[in-house]
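A.B. asks: here you go, sequence then predicted model.
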Amino acid sequence: MAVVLKNRMLGVEGLRPSRFNIADVREEADQIRRQGLAELETARTEAARILEQAKTKAEQLQAEAKEQGRKAGIEQGLAEGREAGQKRALEESRKQHAEQAAELRKSLEDLLTKFDRERHELVSRAYRDLLALALAIAEKVIRRTVEHDPEAVLASVRSAVDLVASSHQVVVRMHPVDLESLEQLDPQHAEFRAGMENVKFVADPSVERFGCLVRSAGGEVDGRIATQIEMIAKHLVPGMEARTEAWSRVPAVQEAPDAPPQSEDDPTA
């Protein structure tokens, strides 16, 4: 079971959020939309070309059919009479034309079906990619927040421990750096350990920063940030974990250095 960080973690006084360039996100969305429009325009152009070819072919076949009918009528007329020969030639021409028209109609239907399928796949892929990007950004924002607010780790641990508070023995595994920060903050937050005599804290380098693993006889609570994001992605779209993981590997945007304070005598101030 994942533990969601409290809302106050994102509004701590004095916290400087990471400066993400939202224009990059919009540019990515516009690029996906432009790609979809380009593929749609290509499909329309291809359909128009096929229709034009079909029209030309139909006119050619009609002319050939008329010519064949005329010749056949003449030949039949020599043997059976002009009227009977023309009638037979016309019937054969109509039959041939109907078969070719049916074949053309099937080709157009197949083309439209393929176009609709590719359009649906394009829209679905764009939705999944944008959702994965949003989850990756959310993970980076959360990590940045708790990095600047050690008390957020306290809140996360407290929430996880509360879920198994009824157990007689609880083991909380944390990254050594976070555990050290917790011990430094504890004198200022004595109430944190109140009623937690059955809780044992263990330093575990395998636990990612700013998260925790809480184990007891009754089960386990995974309070790691990556686990929370993965569970959200899993419930939103199947197979989203891979995309989210790929986006999360993109280097975070570095904060611009703070400008040096201006002197009161600075004429540019």
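C.D. replies: That came through, no problem.

A.B. asks: what strand or helix carries Asp116?
C.D. replies: Take DSSP states H and E as the rule and Asp116 turns out to sit in helix 82-148.

A.B. asks: please apply the same query to Ile32.
C.D. replies: Assigned by DSSP H and E, Ile32 belongs to helix 22-79.

A.B. asks: any low-confidence regions in the stretch 151-269 of the chain?
C.D. replies: Residue ranges of the stretch 151-269 of the chain with pLDDT under 70: 151-168, 183, 185-197, 217-218, 223-229, 231-269.

A.B. asks: and with 50 instead?
C.D. replies: 188-190, 244, 247, 250, 252-269 (pLDDT under 50).

A.B. asks: distance of Asn174 from Val199?
C.D. replies: Asn isn't right for residue 174; it's Met. 12 Å (Cβ to Cβ, to the nearest Å). Heads up, the C-betas are built off the backbone N, CA and C, glycines and all.

A.B. asks: neighbour count winner among the two?
C.D. replies: Higher neighbour count among Met174 and Val199: Met174, with 27 against 18, using other Cβ atoms under 10 Å.

A.B. asks: beta partners for that one?
C.D. replies: Counting by DSSP bridges, Met174 is bridged to Ala203, Cys212.

A.B. asks: for it, give me its contacts.
C.D. replies: Contacts for Met174 (Cβ atoms under 8 Å, 6 or more residues apart in numbering) come out as Val153, Val157, Leu182, Phe201, Val202, Ala203, Asp204, Val207, Gly211, Cys212, Leu213.

A.B. asks: closest one of the residues you listed to Leu104?
C.D. replies: Each of these was scored against Leu104 by Cβ to Cβ, and Gly211 proved nearest at 62.4 Å.

A.B. asks: got phi/psi on the closest one?
C.D. replies: Phi and psi for Gly211, reported as degrees, to the nearest 10, are phi -130, psi -180.

A.B. asks: that one: neighbouring residues, count only.
C.D. replies: Residues within reach of Gly211, counting by other Cβ under 10 Å, total 24.

A.B. asks: and the contacts of Met174, which is closest to Leu51?
C.D. replies: Gly211 (59.2 Å).

A.B. asks: how much space between that closest one and Pro176?
C.D. replies: Counting by Cβ to Cβ, the gap from Gly211 to Pro176 is 13 Å.

A.B. asks: now do Ala65
C.D. replies: To Pro176, Ala65 is 87 Å away according to Cβ to Cβ.

A.B. asks: just Thr56 next, same as before
C.D. replies: With Cβ to Cβ as the criterion, Thr56 and Pro176 are 77 Å apart.

A.B. asks: ok, those two, which is more surrounded?
C.D. replies: Taking other Cβ under 10 Å, Thr56 and Pro176 do not tie; Pro176 has more neighbours (13 against 10).

A.B. asks: ok, for that one, nearest residue in space, not its chain neighbours?
C.D. replies: The shortest distance from Pro176 to any non-neighbouring residue, by Cβ to Cβ, 6 or more residues apart in numbering, is to Ala203 (4.1 Å).

A.B. asks: contact partners for the one you found?
C.D. replies: If you count contacts by Cβ under 8 Å, 6+ apart, Ala203 has them with Arg173, Met174, His175, Pro176, Leu179.

A.B. asks: can you do 10 Å?
C.D. replies: Listed by Cβ atoms under 10 Å, 6 or more residues apart in numbering, the contact partners of Ala203 are Arg173, Met174, His175, Pro176, Val177, Asp178, Leu179, Glu180.
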